[in-house]
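Engineer: structure, please.
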Amino acid sequence: MMRTMERPSQLFVRGQGSWLWDIQGNAYLDFTQGLMANSLGHSPSVLVSALRRQAESLINPGAGYYNLGMLKLATRLCQATDSDQAYFLSSGAEAREAAIRLARKWGWLHRGGAGRIVTAFDSPAGGTRGALAASGCMSPRDKDGTSGFARVPFNDLEALAAALDEQTVAVMLEPLQGEAGAIPASLEYLQGVTRLCNERGLLLILDEVQTGIGRCGVLLAEELYGVRADIIALGTGLGGGVPLAALVARGSACCFEPGDLVGSCHGNALATAAGLAVLETVLEPSFLEHVRAVGEHLRKGLAQLARHHGHGPLRGQGLLLGLPLVGLSAPAVVEAALKERLLINAPQAHCLRFSPALTVSHGNIDEMLKRLTRALGRISGRN
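Structural biologist: Reported below is the predicted structural model:
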């Protein structure tokens, strides 16, 4: 294996719901779920059955041909999100890149060739060159806008308004910044961004790679704000752990033509079968109600724990929550939690992130809080 990241020594061989088992048979409570990829938890029966059925008939006829899974998922996703067109890719990074390309195609057609995109990312979202540039992770030259991007502070409407000019085609941002530690856009800010885009004839691109498909207690996080984007990038949880992402567009933003996007596995039958199984499950009656209920239970439990240990304030939405730490290293807490057989994530040096399966139970949450309390005790010396 190329050493592209630091990994702990545990070798996981089996998973079910909110639990993982290592090769020695030890059980771990997973509140990261593949950085939110496993939206329904580990090896859910609905996903396993869908993959088994599809693998027996057709896996990938090639992106140049239609397959039933592609058509069914596109239809269902557009219906559920009130969108007009969908395109399937293999990763959230690809979906972000495609959103950028689609906006610039629209600018060429409808805005005199304008292609500049104003972004409001406080931390890298990850991925391909275009997506990395949008999130401010390239050279200083890229950050000043000369590469076609301008980066402004998140939740600063005045700064964003000042950055818009005649060469701007779109505003691109996350409604909740997961990699920054689950920082949500304020209601006033996101509605203000939408208003500015409407007034100036610009596209609004929402990066819902992490927040979409039920993560925030609604199908799309835009619903929490009462806004409507022109282009949305989806990924992470759409395939339930199978590599799958989507680009959805509305109205005149649907302007791609044949040849504008290519990919050998885009919309393959196996991945879209997984996506359809996940989406149908999330859209079942009471599923999102469950997400909201367990999300509130998690929020209350973490808030109480944070107050007791002098951390916080808690932030985030639904089942994507961030806990800022005071005087403690988040990676050190993650390491201590691993010794308690609890998997959590530290997207920032002083912030923990919790992203359990959307199917997590109240009991799972209570057990997580006990293990996290013991992990914090390890760090503070109060075992």
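
Engineer: where does this structure have its least confident helix or strand?
Structural biologist: With mean pLDDT, DSSP states H and E as the measure, the helix or strand of the chain carrying the lowest mean pLDDT is helix 140-143 (a mean of 43).

Engineer: what's the burial count for the nearest residue to Gly226 once chain neighbours are set aside?
Structural biologist: Nearest in space to Gly226, with sequence neighbours left out and distances taken as C-beta to C-beta, 6 or more residues apart in numbering, is Gln191 at 6.9 Å. Glycine gets a C-beta too; all of them are placed from N, C-alpha and C. One way to gauge burial is a neighbour count; for Gln191, by other C-beta atoms under 10 Å, it gives 15.

Engineer: can you list the low-confidence ranges for the stretch 51-200 of the chain?
Structural biologist: Counting by pLDDT under 70, the stretch 51-200 of the chain shows low-confidence ranges at 122-147.

Engineer: which parts of it are strands?
Structural biologist: 85-89, 116-119, 149-151, 168-173, 176-177, 183-184 (DSSP state E, counting those that start in this stretch).

Engineer: so what touches the first one?
Structural biologist: When you say that, I think you mean strand 85-89. The set of residues that contact strand 85-89 without belonging to it, under C-beta atoms under 8 Å, 6 or more residues apart in numbering, is 70, 73-74, 77-78, 95, 98, 235, 244-249, 254, 256, 261, 263, 266-267, 271-272, 275.

Engineer: please indicate which of these are buried?
Structural biologist: 70, 73-74, 77-78, 95, 98, 235, 244-249, 254, 256, 261, 266-267, 271-272, 275 (16 or more other C-beta atoms under 10 Å).

Engineer: now do the closest residue to His309 other than its chain neighbours against Glu367, distance only.
Structural biologist: Counting by C-beta to C-beta, 6+ apart, the nearest residue to His309 once its immediate chain neighbours are dropped is Leu376, at 5.6 Å. Shown here: Leu376 relative to Glu367, a distance of 15 Å by C-beta to C-beta, to the nearest Å.

Engineer: so those two - more neighbours on which side?
Structural biologist: Applying other C-beta under 10 Å to Leu376 and Glu367 shows that Leu376 carries more neighbours, namely 22 against 14.

Engineer: touching, the more buried one and Ala336? I think so.
Structural biologist: Yes: Leu376 lies in contact with Ala336 (C-beta atoms under 8 Å); the separation is 7.4 Å.
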